[in-house]
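Visitor: mind looking at a prediction? Sequence and model below.
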Amino acid sequence: MPQGSLRTASLESHEGLTISALPWTDPAKYKEKFPKKSPYSAGILAVQVSFRNDSDDSMRVGLSRIRLTVHLDADNVQELEAMTPEELAEAVAKPAKDPTSRSRLPLPVPVPSGGKSKVPELQKEAQNAAVPTGVIAPHSTVEGLLYFDLRNQFDLLQTAHLYVPDVVLMRGNRALTFFDIDLAASGNP
């Protein structure tokens, strides 16, 4: 991640680890990683994260336990799991239909497919852009994208936090304090 974008990202740092997070709220940002079909247009948010280990020990981040928490109101907090590249590809290739819409025809009309499915291509793009590993070697940085299905409710970012509960120093298997990064602090809408 270039130094300039680190300054605009939200970050938290303690115990030798710095995690920065930058939600991609500009549809143009997705074009390089997803040239044909953007997750953003399917209501999915990409969050660019960087894990910088300044310690002398390797660390392991439980990527599957990371959540995007959004506060819908004072009593209602939602925790969204990060999507896998497979889930992202399926959601982008076959967006959920509106259950309130009605078909004009009583029977579905088969539509001829225009060739190969876009799912494998989208999955590969998502995998290539994702955080590649949860293991961060001493004095190194791991970065990539995490994906969250906001169902086009991008205004929820005003109350969103990236919650990283599972970080362990590999030598001695000692858990670090959780990270709770305020994404609204990054200046995104």
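Guide: Ah, there it is.
Visitor: strands along this protein, start to end?
Guide: Secondary structure of the chain by DSSP state E: the strands cover 10-14, 17-23, 44-53, 59-61, 67-73, 76-81, 135-136, 140-149, 161-164, 167-169, 174-175, 179-182.
Visitor: isn't residue 165 right next to residue 65, touching?
Guide: Yes. Using Cβ atoms under 8 Å as the test, residue 165 is close enough to residue 65 to be in contact (5.5 Å). Yep, even glycine has a C-beta here, placed from its N, CA and C like the rest.
Visitor: re the thing from before, closest to residue 126 out of the strands of the chain?
Guide: strand 140-149 (6.8 Å; Cβ to Cβ).
Visitor: that older thread, tabulate the strands of the chain (CSV), appending mean neighbour count, mean pLDDT and distance to residue 155.
Guide: Below are the strands of the chain laid out as CSV (neighbours: other Cβ atoms under 10 Å; pLDDT from 0 to 100; distance: least, Cβ to Cβ, whole Å):
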stretch, mean neighbour count, mean pLDDT, distance to residue 155
strand 10-14, 17, 93, 17
strand 17-23, 22, 96, 12
strand 44-53, 23, 97, 11
strand 59-61, 21, 97, 28
strand 67-73, 16, 90, 10
strand 76-81, 13, 92, 13
strand 135-136, 18, 98, 33
strand 140-149, 20, 98, 14
strand 161-164, 22, 96, 15
strand 167-169, 20, 96, 30
strand 174-175, 12, 94, 34
strand 179-182, 18, 95, 16
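Visitor: I am finished for the moment; much appreciated.
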